[in-house]
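**Student:** Following is a predicted model, sequence given first.
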Amino acid sequence: MNLPSDITGSSTERRPPRDWLPSSNEIDHLLRRSGFGAGPDERAAFAGLSYDHAVSRLVEYGSLPDDVDDLIGRTDRVGIALHSGLFTPNTLITDARQRWLFRMVHTGRPLQEKMALFWHNHFATGYSKIAGLYGGTEATRMMAAKRAEDPGGVRGQIELFRDMALGNFRDLLIAVAQDPAMLVWLDGRLNVKAKPQENFAREVMELFTLGVGFYTEQDVYSAARVFSGWNLQRIGASTDPAGRYQFVYNAAQHETSAKTFSFPVYADGSNTIPARAESVGLQDGLDFLDGLARHPETANRLARKLWAFFVSEMSDADPAFVKDISGAYLRNNFDIKAVMRSVLMSQAFLAKSAEFARYAWPVELVAKSIKEMGWSGFSVNDALTPLSNMGQQLYDPPSVAGWALGRSWFSSVTMLMRANFTAALAKSQKAPLASDAKSWSRSPGAMLLWGLKRLSAAGLDTPEADALLSYLKGPDAWTGTDTQLQIKAPALIHLMASSAEYQFV
């Protein structure tokens, strides 16, 4: 589309029309939703790709190296802060948070990180409770350790989500049920036959699969007995760095009687898990999780959650979308890769109404701001306190229900915190932003266009655009000199990033 003449440098300064900006490029939309926005490197990597090929590149990320952690500490990447001279993300939660933010900014596999974030909220597990019971080091290992780096081979929960981001949902469900962090978080470690523990039993149905209204209180009691003996054990002494906590099936604590449910557990329609000997009672839980994964309401619930996370928070999920996505889930034997390909290729995802129809989570705002503004001299550690002030602490959702999403992210306080963060980031990038704006310095209108192209904001209405043009024009005459750009460029970016329009993805 040709640019309006007033933006390319005519003497009459008017705003870019909202229906022209931001770009309606489908790949820009794809990168905002399936990743964390796009910096120059990502734009270059996707330049020239058709939409179908772009989706394939995102979904088939297994063909790309997962070497982003090797970039940590390089001067041409966003910085990290050392604590006592060390960076230990496997054992210090602050460093684990730094590493995940770094990955969001620099990964070549953005959909993998986006899905890890999705599953982190879906299977919400909080570091703080685990740390209170087992100490910060063990809690960080349970939540964040990389198996190849941990002396005991521990794979933290977020690494589990990363490894199985687009895997089979049934397999993921089983892995989560046996995950040490989850066994602590929802008290599976305490589930014994004399006193079945109901926390995981309830949430695996209410939050992780079926949803409210599709199970009964009797189902909760039966499910608790299903998972009796699914406990936690320590391997190695507490002083041994290679020691670890791991799942154990404690046969002596498994309740062996038959368990009947109000919904089918087996493909033949049977709703009763038969009585089994203690020695083979582990199969009870595997059968039950398989039945939950297969249930049509699990498929529907996942489809609705994917709608809200990838398509729109401005409207309820389209029934046709839910039918299509739940159908893809069931036809493909619970394969999330096939599901996500269907989501990203759907008409609903590509509809104009889906653009900027999601409220940016704090971590999404932080990651895309760093990508779009730059990171010279900036550390992801500088974002951790602002993130908490905005209402999101990675590895520590407030409850098993996850974070309150949508408009709930926003209040007068959290909007101020967002504005303070983008102000600090823009100020730290004063020199590179001014340099980048130099070729757009011929007029305030051109500068505004530069800002709109630099940031992925949801367009501007007349009052906002006029206010920005007024700022660029005054109080002194526009000259476009280096001195003026050092002031105006970062300030313009800050004002735009603090706007309501920038709070959408």
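**Tutor:** Great, that's in hand.
**Student:** can you give me the strands for the stretch 151-300 of the chain?
**Tutor:** Using DSSP state E, counting those that start in this stretch, the strands found in the stretch 151-300 of the chain span residues 230-235, 244-249, 259-260, 272-273.
**Student:** Turn the ones you listed into TSV, columns for distance to Thr209, mean pLDDT and mean neighbour count.
**Tutor:** (C-beta placed from N, C-alpha, C; glycine too.) Listed next are those as TSV, based on distance: least, Cβ to Cβ, whole Å; pLDDT from 0 to 100; neighbours: other Cβ atoms under 10 Å:
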stretch	distance to Thr209	mean pLDDT	mean neighbour count
strand 230-235	16	98	18
strand 244-249	19	98	18
strand 259-260	16	98	18
strand 272-273	16	98	18
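**Student:** and of those strands, who's closest to Gly79?
**Tutor:** Proximity to Gly79 (Cβ to Cβ) singles out strand 244-249 among the strands of the stretch 151-300 of the chain, at 31.2 Å.
**Student:** Report the helix or strand with the lowest average pLDDT across this structure.
**Tutor:** helix 40-46 (a mean of 84; mean pLDDT, DSSP states H and E).
**Student:** Now the helix or strand following it: buried residues?
**Tutor:** Reading on from helix 40-46 to the C-terminus, the next helix or strand found by DSSP states H and E is helix 51-59. Of all the residues in helix 51-59, those buried under the rule 16 or more other Cβ atoms under 10 Å are Tyr51, Ala54, Val55, Arg57, Leu58, Val59.
**Student:** out of those, which one sits closest to Ser388?
**Tutor:** Leu58 (29.6 Å).
**Student:** Spell out for me which residue occupies the centre of the protein.
**Tutor:** Centroid-nearest residue in the chain, with Cα atoms, centre = their mean: Leu117, separated by 2.7 Å.
**Student:** Which strand residues bridge Lys259?
**Tutor:** Ile273 (DSSP bridges).
**Student:** Return the distance of it relative to Val68.
**Tutor:** 44 Å (Cβ to Cβ, to the nearest Å).
**Student:** Ser222: how many residues sit nearby?
**Tutor:** 26 (other Cβ atoms under 10 Å).
**Student:** so where's the chain uncertain?
**Tutor:** The chain contains residues with pLDDT under 70 at 1-24.
**Student:** now do 80
**Tutor:** Within the chain, the stretches with pLDDT under 80 are 1-24, 40-41, 459, 462.
**Student:** Let me see the domain layout of it.
**Tutor:** Segmentation of the chain into domains, based on automatic domain parsing, reads 298-354, 358-503.
**Student:** Would you map the helices across the stretch 101-250 of the chain?
**Tutor:** Assigned by DSSP state H, counting those that start in this stretch, the helices in the stretch 101-250 of the chain fall at 110-122, 127-134, 136-144, 157-163, 169-177, 180-185, 199-206, 217-226.
**Student:** what is the orientation angle of the fifth one with strand 244-249?
**Tutor:** The one in question is helix 169-177. Inter-element angle recorded for helix 169-177 and strand 244-249: 120 degrees (by axes from the mean of the first three to the mean of the last three Cα atoms, to 10 degrees).
**Student:** Ok, the third one next?
**Tutor:** Interaxial angle of helix 136-144 relative to strand 244-249 (the same axes, to 10 degrees): 60 degrees.
**Student:** how distant is helix 136-144 from the center of its chain?
**Tutor:** Put simply, helix 136-144 sits 20 Å off its chain's centre (Cα atoms, centre = their mean, to the nearest Å).
**Student:** Equivalent analysis for the fifth one, please.
**Tutor:** In terms of Cα atoms, centre = their mean, the gap separating the centre of helix 169-177 from the centre of its chain is 19 Å.
**Student:** Can you name every helix or strand that it contacts?
**Tutor:** With contacts defined as 3 or more Cβ pairs under 8 Å, 6 or more residues apart in numbering; DSSP states H and E, helix 169-177 has these neighbours: helix 157-163, helix 199-206, helix 282-294.
**Student:** Make a markdown table out of these and add distance to Ile72 and mean neighbour count.
**Tutor:** Output for the helices and strands packed on helix 169-177, formatted as a markdown table (distance: least, Cβ to Cβ, whole Å; neighbours: other Cβ atoms under 10 Å):
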| stretch | distance to Ile72 | mean neighbour count |
| --- | --- | --- |
| helix 157-163 | 16 | 22 |
| helix 199-206 | 34 | 21 |
| helix 282-294 | 36 | 20 |
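**Student:** of all those, which lies closest to Val505?
**Tutor:** Closest approach to Val505 among the helices and strands packed on helix 169-177 (Cβ to Cβ): helix 157-163, 20.1 Å.
**Student:** got a list of contacts for that closest one?
**Tutor:** Residues from elsewhere that reach helix 157-163 (Cβ atoms under 8 Å, 6 or more residues apart in numbering): 96, 100, 112-113, 115-116, 119-120, 123, 125, 142-147, 155, 172, 175-176, 179, 181-182, 395.
**Student:** Now do Asp284 against Ala275, distance only.
**Tutor:** Distance, Asp284 to Ala275, by Cβ to Cβ: 9 Å.
**Student:** Please disregard the earlier target; I meant Asp287.
**Tutor:** 13 Å.
**Student:** Same check on Glu217?
**Tutor:** 22 Å.
**Student:** In contact with the closest residue to Phe504 other than its chain neighbours, which residues are there?
**Tutor:** Excluding its sequence neighbours, the residue lying closest to Phe504 (Cβ to Cβ, 6 or more residues apart in numbering) is Phe356, at 4.0 Å. Shown in contact with Phe356 (Cβ under 8 Å, 6+ apart): Ala458, Gly459, Glu501, Phe504, Val505.
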